[in-house]
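Peer 1: Below: sequence and its predicted model.
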Amino acid sequence: MTLLRLHPGDDVAVALTDLAAGEMVDGLTIVEPVAAGHKIAVHAAPVGTVVRKYGQVIGRASADIAPGAWVHTHNLAMSDADRSAEIGADRRPMPAPIDAPTWSGYRRADGRWGTRNTVAILTSVNCSATVARRIADAFPAEALPEGVDDVAAYTHAAGCGGASLGHDVRLLQRTLAGYARHPNVAAVLIVGLGCEANQIPEWLAAEGLTPGPRLRTLSIQEAGGTLKAIEAGRAIIRDLIDQAATARRAPAPLSGLVVGLQCGGSDGWSGVTANPALGRAVDRLIAHGGSALLSETPEIWGAEHLLLRRATPVTAQALLDRLAWWRDHAEANGMELNNNPSPGNLKGGLTTILEKSLGAVAKAGSAPLEDVIGYAQPMRRRGLTFMDSPGYDPCSATGQIASGANLIAFTTGRGSVFGAKPAPCLKIASNPRLAAWMAEDVDIDASSILDGESVDAVGERIFARLLSLASGAASASEALDLGEAEFVPWQKGAYL
């Protein structure tokens with residue numbers, strides 16, 4: 001087989017290998033060169049015709065398309081074809097699991113489970129970023145006692161320059177609070193300058209956090225300047241490391257796992273291999289009582305009907321409200337949501353946001369959609385939750401971790417060098433070239449599906465690797481020490 005037709009009703013097939021003009025393939029004469037992962041018309045599609053892939057609309061022909069022609073941006077455009085959904089039509093309980101595997105994690109005082117045991121240094125404002133990093137630099141991983149995974153500084157570019165009670169400040173506070181109370185974090189130091197809009201005592205009180213042995217604060221101005229603050233911070237971290245070192249892993253239930261679902265650098269294979277395989281792993285996790293977070297609202301545009309069919313009316317309306325906000329937000333900033341596919345996505349074979357979104361939603365499997373929450377808002381229900389976020393991977397994953405994700409699963413087709421401290425990140429490649437070329441960044445190669453391995457079998461491998469990762473095995477991104485700089489809280493507003 002040289003062409004892969006994903007659904008009997010599809011108007012296009014996917015090229016499994018690079019094809020030259022004039023080749024006869026599966027009964028079609030190839031009109032022009034087509035790269036692997038790109039689409040080929042299986043029959044004529046006159047201009048204006050709706051074009052389907054995965055059995056779903058991915059756009060309309062913007063020019064006459066001949067059989068065997070390459071289908072991409074030159075002849076396929078965004079379509080507003082009806083995607084109305086019958087709310088709840090596909091909502092059904094997950095099958096009862098046959099077995100009940102466990103993993104090994106850290107049980108925290110609030111009853112949640114951690115997959116890592118780290119010490120975090122948070123910053124209230126950009127002005128304290130250098131001090132926080134200098135404090136963390138004194139504690140390399142190889143010098144930490146057994147059982148303490150990391151000391152990491154999470155810095156950002158916000159915290160001042162806007163209204164003290166503005167939306168961005170509150171969103172930053174909620175994100176920082178999510179990291180401060182995260183189950184992967186054994187103890188935390190919060191470093192501020194002293195005069196910033198994001199005053200530490202005020203936002204801790206607003207988020208219900210109280211300084212104590214596990215949560216310490218430091219003001220650079222009160223400490224007497226940069227060097228004195230660094231010295232004081234290092235003394236605090238030494239004490240927090242001693243506290244963290246007392247934690248021990250114990251058998252943990254699957255209900256203690258929350259996986260954030262991400263995809264970045266997607267290609268034409270992402271929706272065929274890596275994303276649906278991850279979806280099968282998510283289905284099994286949720287059947288065992290675990291949870292998953294799907295996000296990146298602009299990247300479900302065009303596939304939202306698949307989620308609405310798995311939602312209650314209340315949850316469905318919450319998702320529609322967020323999509324409406326994004327449509328207005330994009331228009332107000334002179335953009336269209338269909339501008340979303342990046343140059344890398346386009347080169348990899350994805351043409352419209354509809355096509356990209358259909359593949360992205362596949363990461364969420366088939367479980368009922370239980371809830372829709374705001375960015376960095378704490379999760380309220382087990383199972384599948386949608387968290388509103390931009391389609392920018394570091395920003396989205398930051399929100400997922402703040403909401404409680406203690407693992408991240410990240411699919412990629414073009415290649416990504418993403419990490420997600422303090423949550424270990426499992427990287428899943430969609431095609432064999434990427435898996436071989438960027439092997440040091442890849443944990444699982446899902447392209448074996450193209451060679452005949454079932455999606456279910458690859459999903460089982462992903463599920464098993466998630467449990468191993470949760471229990472302490474290092475991911476590829478952890479081996480490369482990635483993830484500290486990827487802390488990117490969402491900023492929406494103006495700076496004054």
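Peer 2: Received the coordinates, thanks.

Peer 1: contacts, neighbours, all on C-alpha from now
Peer 2: Fine.

Peer 1: any idea whether residue 491 is helix, strand or coil?
Peer 2: At residue 491 the chain is in coil, as set by DSSP: H, G, I helix; E, B strand; the rest coil.

Peer 1: Count residues in the vicinity of the residue lying closest to it once chain neighbours are set aside, would you?
Peer 2: Excluding its sequence neighbours, the residue lying closest to residue 491 (Cα to Cα, 6 or more residues apart in numbering) is residue 168, at 5.7 Å. By other Cα atoms under 10 Å, the residues close to residue 168 number 22.

Peer 1: Kindly report the same for the one 5 residues further on.
Peer 2: Around residue 173 sit 24 other residues, with neighbours defined as other Cα under 10 Å.

Peer 1: which residues sit in contact with it?
Peer 2: Applying Cα atoms under 8 Å, 6 or more residues apart in numbering to residue 173 gives the contacts 198, 203, 207.

Peer 1: now with 7 Å?
Peer 2: By Cα atoms under 7 Å, 6 or more residues apart in numbering, the contact list for residue 173 reads residue 203.

Peer 1: Let me know the distance separating the residue nearest to residue 491 from residue 489.
Peer 2: For residue 168, the distance to residue 489 equals 9 Å [Cα to Cα, to the nearest Å].

Peer 1: isn't the residue nearest to residue 491 right up against residue 375?
Peer 2: No - in this structure residue 168 lies outside contact range of residue 375 using Cα atoms under 7 Å: 11.4 Å.

Peer 1: Helix or strand with the lowest mean pLDDT in the chain?
Peer 2: Least confident helix or strand of the chain, by mean pLDDT, DSSP states H and E, is helix 343-347 with a mean of 86.

Peer 1: helix or strand right after that helix?
Peer 2: Downstream of helix 343-347, the next assigned helix or strand under DSSP states H and E is helix 353-361.

Peer 1: Next secondary structure after that next one?
Peer 2: Next helix or strand after helix 353-361 toward the C-terminus (DSSP H and E): strand 369-373.

Peer 1: for that following strand, what is the average pLDDT?
Peer 2: Average pLDDT, strand 369-373: 98.

Peer 1: would you put the C-alpha positions of that strand in CSV?
Peer 2: Provided in CSV are the C-alpha atoms of strand 369-373 (Å, rounded to 0.1, in the frame of the first residue of the first chain):
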residue,chain,number,x,y,z
LEU,A,369,-16.0,15.2,28.4
GLU,A,370,-16.7,15.9,32.1
ASP,A,371,-15.8,19.5,32.6
VAL,A,372,-14.5,22.8,31.0
ILE,A,373,-12.2,24.9,33.2
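
Peer 1: confidence score at the residue lying closest to residue 253 once chain neighbours are set aside?
Peer 2: Spatial nearest neighbour of residue 253, excluding adjacent residues (Cα to Cα, 6+ apart): residue 102 at 5.2 Å. For residue 102, the pLDDT comes out at 90.

Peer 1: Identify the residues contacting residue 102.
Peer 2: Shown in contact with residue 102 (Cα under 7 Å, 6+ apart): 251-254.

Peer 1: mind redoing it with 10 Å?
Peer 2: Residue 102 makes contacts with 250-256, 288, 467, 471, as judged by Cα atoms under 10 Å, 6 or more residues apart in numbering.

Peer 1: Reformat the residues you listed as a markdown table; add distance to residue 442, pLDDT and neighbour count.
Peer 2: A markdown table is the format used below for the contacts of residue 102 (distance: Cα to Cα, whole Å; pLDDT from 0 to 100; neighbours: other Cα atoms under 10 Å):
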| residue | distance to residue 442 | pLDDT | neighbour count |
| --- | --- | --- | --- |
| 250 | 28 | 97 | 14 |
| 251 | 27 | 97 | 13 |
| 252 | 26 | 97 | 21 |
| 253 | 27 | 95 | 17 |
| 254 | 24 | 95 | 21 |
| 255 | 27 | 95 | 18 |
| 256 | 25 | 97 | 22 |
| 288 | 26 | 94 | 23 |
| 467 | 17 | 98 | 20 |
| 471 | 19 | 98 | 21 |
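
Peer 1: Between these, which sits nearest residue 119?
Peer 2: Nearest to residue 119 among the contacts of residue 102 is residue 471, at 17.9 Å by Cα to Cα.

Peer 1: So the closest one versus residue 117, what's the distance?
Peer 2: 11 Å.

Peer 1: now the strands for the stretch 51-200 of the chain?
Peer 2: Secondary structure of the stretch 51-200 of the chain (DSSP state E, counting those that start in this stretch): strands located at 56-61, 70-71, 76-77, 103-107, 113-114, 118-123, 150-154, 185-192.

Peer 1: now these in CSV, with mean neighbour count and distance to residue 329?
Peer 2: Shown next, in CSV, are the strands of the stretch 51-200 of the chain (neighbours: other Cα atoms under 10 Å; distance: least, Cα to Cα, whole Å):
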stretch, mean neighbour count, distance to residue 329
strand 56-61, 23, 23
strand 70-71, 26, 30
strand 76-77, 23, 22
strand 103-107, 22, 41
strand 113-114, 28, 36
strand 118-123, 27, 29
strand 150-154, 26, 28
strand 185-192, 26, 32
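
Peer 1: Select, out of the ones you listed, the one closest to residue 322.
Peer 2: Set against residue 322 and scored by Cα to Cα, those come closest in strand 56-61, at 21.6 Å.

Peer 1: Going by contacts, tell me the helices and strands next to the closest one.
Peer 2: Here strand 56-61 touches strand 50-53, strand 76-77, helix 353-361, going by 3 or more Cα pairs under 10 Å, 6 or more residues apart in numbering; DSSP states H and E.

Peer 1: Need the winner for burial among the ones you listed.
Peer 2: helix 353-361 (a mean of 27; mean count of other Cα atoms under 10 Å).

Peer 1: who does that helix touch, helix- and strand-wise?
Peer 2: Under the contact criterion of 3+ Cα pairs under 10 Å, 6+ apart, the helices and strands touching helix 353-361 comprise strand 50-53, strand 56-61, strand 258-263, helix 274-287, helix 304-308, helix 343-347.

Peer 1: ok and that helix relative to strand 258-263, angle-wise?
Peer 2: Helix 353-361 and strand 258-263 are oriented at 150 degrees to each other (axes from the mean of the first three to the mean of the last three Cα atoms, to 10 degrees).

Peer 1: How far away from the center of its chain is helix 353-361?
Peer 2: Its chain's average C-alpha position is 14 Å from that of helix 353-361, according to Cα atoms, centre = their mean, to the nearest Å.

Peer 1: Ramachandran angles for residue 387?
Peer 2: Backbone torsions of residue 387, given as degrees, to the nearest 10, read phi -110, psi 120.
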